[in-house]
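Asks: Could you look at this predicted model? Sequence included:
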Amino acid sequence: MNYLFPLMAVLIWSVNTVVSKQAATSIHPAEIGFLRWLVAAVLLTPMLLPGVIRNWKSIRPQLPRILVLGMLGMVIYQTLAYFAAGFTTATHMGIILCLSPLMVLAISVGVLGQPLTWGGALGSLIALAGVVHVVTNGEPQVLFAQGFNRGDVLMIVAALAYAIYNILLKRWRMSPAIPTFQLLYLQMLVAVVAQLPVYLASEKTGINADNWALVAFAGTMASIAAPALWMTAVSRLGPNRSSIFFNLTPISTAIVASLWLDEHLHAYHWVGGALTIAGVVLAEKWITPLSRTRKATGSSMAARPGNMDTP
């Protein structure tokens with residue numbers, strides 16, 4: 001029964017990727033980006049605002065960090081994904097997003113000094129090969145002549161923003177006095193305020209018969225229900241076991257896109273998607289540090305103090 005929580009969260013996020021793609025032809029990206037968080041914030045305000053007011057003394061010192069988290073996770077990541085949907089497929093978006101855990105690993109190793117593992121090294125290469133295979137339609141050689149599709153590039157930057165968001169969320173370790181839902185709600189408010197000027201300056205499609213359901217789904221299921229399901233999964237299964245289910249996102253997104261948008265799945269999608277997922281799983285599961293091998297062979301590098309430090 002507990003496994004239904006992460007499965008449902010992943011399914012909702014996969015559907016939302018397809019919603020983002022469909023929204024590209026029915027509403028301006030800046031418009032749905034703003035309305036999504038406005039809907040979520042309005043629905044949650046009666047339940048969460050009183051608690052935020054009572055808890056203000058604990059929240060106030062954390063406001064700069066909450067601002068950064070809201071900008072990364074709610075504004076930059078989500079807005080870029082909506083703009084990317086106008087230039088690439090939902091299937092591509094789902095597979096590229098799977099790079100985010102590997103970006104977390106790369107930043108942790110390259111910037112924060114976390115020791116590199118065998119799984120991280122080999123898994124990153126395998127996953128990157130998978131993504132390249134997908135975005136080049138199974139012909140990696142064209143990358144040198146044409147480069148990446150604009151939408152794929154935007155999605156890669158979005159995945160990077162989400163990776164940094166997750167790193168900061170873990171390292172900053174917000175005060176236990178701030179409940180998770182209050183933290184999520186405050187980030188929604190950051191998104192509403194930050195995107196209001198962009199919304200006012202952008203083209204207006206308006207809510208109509210073609211897009212109201214898309215905005216409603218993004219503002220309720222993707223913004224409220226999915227995070228609630230995921231947080232429940234983490235509390236019951238733990239972060240490591242829950243993260244395994246996140247790797248199903250490319251598969252579920254591809255299936256939903258093929259059924260809903262009639263996006264045809266080709267051999268390069270299956271090959272590239274399988275490589276990407278395999279690389280991510282390998283990076284998560286094979287955690288033998290490279291330095292351990294060096295130490296076993298008497299390498300002087302492993303003997304240096306602090307070589308095995310974690311962030």
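Replies: The structure has been received and is ready for your questions. Since this is a predicted model, take the numbers as computed values, not measurements. Numbering: from 1, shown residues only.

Asks: Where does the prediction get shaky in the protein?
Replies: Within the chain, the ranges that satisfy pLDDT under 70 run 142-147, 175, 239-241, 243-244, 291-311.

Asks: contacting residues around Y162?
Replies: The neighbours of Y162, taking Cβ atoms under 8 Å, 6 or more residues apart in numbering as the test, are 72-73, 77, 97, 100. Any C-beta I mention is one placed from the backbone N, CA and C, and that applies to glycine too.

Asks: Could you dump these into JSON lines with neighbour count added?
Replies: Listed next are the contacts of Y162 as JSON lines, based on neighbours: other Cβ atoms under 10 Å:
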{"residue": "L72", "neighbour count": "22"}
{"residue": "G73", "neighbour count": "21"}
{"residue": "Y77", "neighbour count": "22"}
{"residue": "L97", "neighbour count": "25"}
{"residue": "S100", "neighbour count": "23"}
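
Asks: Mind picking the two most distant members of those?
Replies: L72 and L97 (14.7 Å; Cβ to Cβ).

Asks: ok, the closest residue to I255 other than its chain neighbours - how many residues close by?
Replies: Distances taken as Cβ to Cβ, 6 or more residues apart in numbering place S14 nearest to I255, at 7.9 Å, with adjacent residues excluded. Neighbours of S14 under the rule other Cβ atoms under 10 Å: 25.

Asks: S14 contacts S258, correct?
Replies: No: if you go by Cβ atoms under 8 Å, S14 and S258 don't touch, sitting 11.6 Å apart.

Asks: Tell me which residues touch L229, please.
Replies: 5-6, 8-9, 12.

Asks: ok, so of those, who is nearest P64?
Replies: A9 (28.7 Å).

Asks: A226 is in contact with the closest one, correct?
Replies: Yes: A9 is within contact range of A226, at 4.7 Å (criterion: Cβ under 8 Å).

Asks: quick one, which of the two is more surrounded?
Replies: A9 (25 against 20).

Asks: Which SSE is immediately downstream of the one helix or strand that one maps to?
Replies: Using DSSP states H and E, A9 falls within helix 4-23. Next helix or strand after helix 4-23 toward the C-terminus (DSSP H and E): helix 29-54.

Asks: Other residues contacting the next helix or strand after that next one?
Replies: Per DSSP H and E, the first helix or strand lying C-terminal to helix 29-54 is helix 56-59. If you take Cβ under 8 Å, 6+ apart as the criterion, helix 56-59 is touched by 52, 66, 175, 177-178, 182, 186.

Asks: Please indicate which of those are buried?
Replies: Taking 16 or more other Cβ atoms under 10 Å as the criterion, what is buried in the contacts of helix 56-59 is 52, 66, 178, 182, 186.

Asks: quick check, nearest of these to I164?
Replies: Within those, proximity to I164 (Cβ to Cβ) peaks at I66, which comes in at 15.0 Å.

Asks: you'd agree that closest one is in a strand?
Replies: No: checked against DSSP: H, G, I helix; E, B strand; the rest coil, I66 lies outside a strand; its state is helix.

Asks: quick one, what contacts the residue nearest to it when sequence neighbours are not counted?
Replies: Of all residues not flanking I66 in the chain, L186 sits nearest, at 5.0 Å (Cβ to Cβ, 6+ apart). Taking Cβ under 8 Å, 6+ apart, we find L186 in contact with 52, 59, 66, 70.

Asks: Columns distance to L282 on top of the residues you listed, output as TSV?
Replies: Below are those laid out as TSV (distance: Cβ to Cβ, whole Å):
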residue	distance to L282
V52	41
I59	40
I66	34
G70	33
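
Asks: rewinding a little: generate TSV for the contacts of Y162, with distance to V134 as supplementary columns.
Replies: Shown next, in TSV, are these (distance: Cβ to Cβ, whole Å):
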residue	distance to V134
L72	25
G73	24
Y77	20
L97	12
S100	15
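
Asks: Which of these fall in helices?
Replies: Among these, the subset assigned to helices under DSSP state H consists of 77, 97, 100.

Asks: quick check, nearest of those to P140?
Replies: L97 (20.0 Å).

Asks: That closest one against T249, yeah?
Replies: Yes: counting by Cβ under 8 Å, L97 does reach T249; the two are 6.3 Å apart.

Asks: coming back round to it: how much space between the residue nearest to I66 and G51?
Replies: To G51, L186 is 11 Å away according to Cβ to Cβ, to the nearest Å.

Asks: How about L160?
Replies: Taken as Cβ to Cβ, the span from L160 to G51 is 33 Å.

Asks: what's the answer for T205, then?
Replies: From T205 to G51 the distance is 35 Å (Cβ to Cβ).

Asks: Same check on M188?
Replies: 14 Å.

Asks: again with A218
Replies: A218 is 25 Å from G51, by Cβ to Cβ.

Asks: what about the two, which has more around it?
Replies: For A218 versus G51, neighbours defined as other Cβ under 10 Å are more numerous around A218 (24 against 15).
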